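Asks: only geometry, no sequence info:
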């Protein structure tokens, strides 16, 4: 299976539960959703695709790379602003009136590359909606995945970072200083689907398993919410 990097810790735990329950080992690859989608479109092996946004699931759907009728919205997430744990910055009210450059204090703002990282795409939407984008564009440190952006903040290479709430939750080296209003970006939804031509019975059983109360409880323990309507 191929999964968004933001699901790494949760999916690894779910995979252990699946293997224990079904006796079927799982091999998972984690990267940005765009990278994974392009790999699948090029023929890379994958039974299940779990994306961090609908864009890349749509991309594969339109290309005929997903099994028709198998796609479902599994999870939801939120976008937050994080700083190194030892940063003097306190709670931040994120609004159009807030000066992002003052918050950065000459430092960098880490975020996923919006061209292929869903978290980066959501971040750009939020920054644009708030009127921050023109101000911070030259202070951006664009990362290959949301986890790389998180690591840059953890290491103090960036003064601030925009990541998912679930990423901030698993890190002991950053703190959440602000939450982006939900209306500043598209809903953060994680679709899952079987990959066409590679959906073996084990993959179908896995897709069923990640919808069970047991799997949902694991996802919730890592901060994920159920997708709207679930």
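Replies: Thanks, I have it. A quick note: this is a predicted structure, and the numbers were derived from the prediction, not measured.

Asks: in what helix or strand does residue 10 lie?
Replies: Using DSSP states H and E, residue 10 sits within helix 8-22.

Asks: residue 119: neighbour count?
Replies: Residues within reach of residue 119, counting by other CB atoms under 10 Å, total 32. All C-beta spots, glycine's among them, are computed from the backbone N, C-alpha and C.

Asks: quick check: closest non-adjacent residue to it.
Replies: Once flanking residues are discounted, residue 119 sits nearest to residue 146: 3.8 Å by CB to CB, 6 or more residues apart in numbering.

Asks: so which residues of the protein form helices?
Replies: Ranges of helices within the chain are 8-22, 33-41, 54-62, 100-104, 118-130, 133-136, 146-154, 165-170, 201-209, 213-221, based on DSSP state H.

Asks: in JSON lines, list the ones you listed along with mean pLDDT and distance to residue 72.
Replies: As requested, the helices of the chain are exported to JSON lines (pLDDT from 0 to 100; distance: least, CB to CB, whole Å):
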{"stretch": "helix 8-22", "mean pLDDT": "97", "distance to residue 72": "15"}
{"stretch": "helix 33-41", "mean pLDDT": "96", "distance to residue 72": "16"}
{"stretch": "helix 54-62", "mean pLDDT": "96", "distance to residue 72": "10"}
{"stretch": "helix 100-104", "mean pLDDT": "97", "distance to residue 72": "36"}
{"stretch": "helix 118-130", "mean pLDDT": "97", "distance to residue 72": "17"}
{"stretch": "helix 133-136", "mean pLDDT": "98", "distance to residue 72": "33"}
{"stretch": "helix 146-154", "mean pLDDT": "97", "distance to residue 72": "22"}
{"stretch": "helix 165-170", "mean pLDDT": "94", "distance to residue 72": "19"}
{"stretch": "helix 201-209", "mean pLDDT": "96", "distance to residue 72": "8"}
{"stretch": "helix 213-221", "mean pLDDT": "97", "distance to residue 72": "13"}
